[in-house]
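> Okay, structure incoming, though there's no sequence with it:
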């Protein structure tokens with residue numbers, strides 16, 4: 001066991017002529033998996049659009065709404081929009 005712990009950097013180095021990259025004999029798996037591309041790019045675009053930052057107009061609306069309710073902007077943006085903007089719960 002002590003031999004396993006005490007290794008020199010030369011023992012861990014790749015052999016001569018090897019760049020240390022991944023093995024070339026494993027198959028490449030695309031980002032969308034092996035089941036076909038399907039709607040991958042539509043879902044990727046929708047995910048990106050859903051998680052982008054709100055526009056300045058939305059931020060200003062939330063700040064005004066927060067001031068009227070006596071809350072902070074962070075509180076208003078953390079609460080479900082249906083409750084805040086429509087007064088609907090459930």
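Happy to help now that I have it. Note that the coordinates shown come from a computational prediction; the quantities given were computed from them, not determined experimentally.

> just to confirm, which helix or strand has residue 46 in it?
helix 40-50 (DSSP states H and E).

> So which elements touch that helix?
In terms of contacts (3 or more C-beta pairs under 8 Å, 6 or more residues apart in numbering; DSSP states H and E), helix 40-50 is packed against no helix or strand at all. (Glycine included, C-beta is placed from N, CA and C.)

> Now the element after that helix, going C-ward?
That would be, after helix 40-50 and using DSSP H and E, helix 56-69.

> which non-adjacent residue is nearest residue 62?
residue 76 (5.0 Å; C-beta to C-beta, 6 or more residues apart in numbering).

> Pull out the buried residues from whatever helix or strand that neighbour lives in.
Assigned by DSSP H and E, residue 76 falls within helix 73-78. For helix 73-78, the neighbour count (16 or more other C-beta atoms under 10 Å) marks 76-77 as buried.

> which residues are in contact with that helix?
54, 59, 62-63, 65-66, 69, 84 (C-beta atoms under 8 Å, 6 or more residues apart in numbering).

> Please state the offset of stretch 28-41 from the chain centre?
18 Å (C-alpha atoms, centre = their mean, to the nearest Å).

> Quote the end-to-end distance of it.
19 Å (C-alpha to C-alpha, to the nearest Å).

> list the buried ones in that stretch?
Buried-residue list, stretch 28-41, by 16+ other C-beta under 10 Å: empty.

> tell me the mean pLDDT for it?
Stretch 28-41 carries an average pLDDT of 79.

> Any regions of this protein where pLDDT drops low?
By pLDDT under 70, the low-scoring segments of the chain are 1-12, 80-90.
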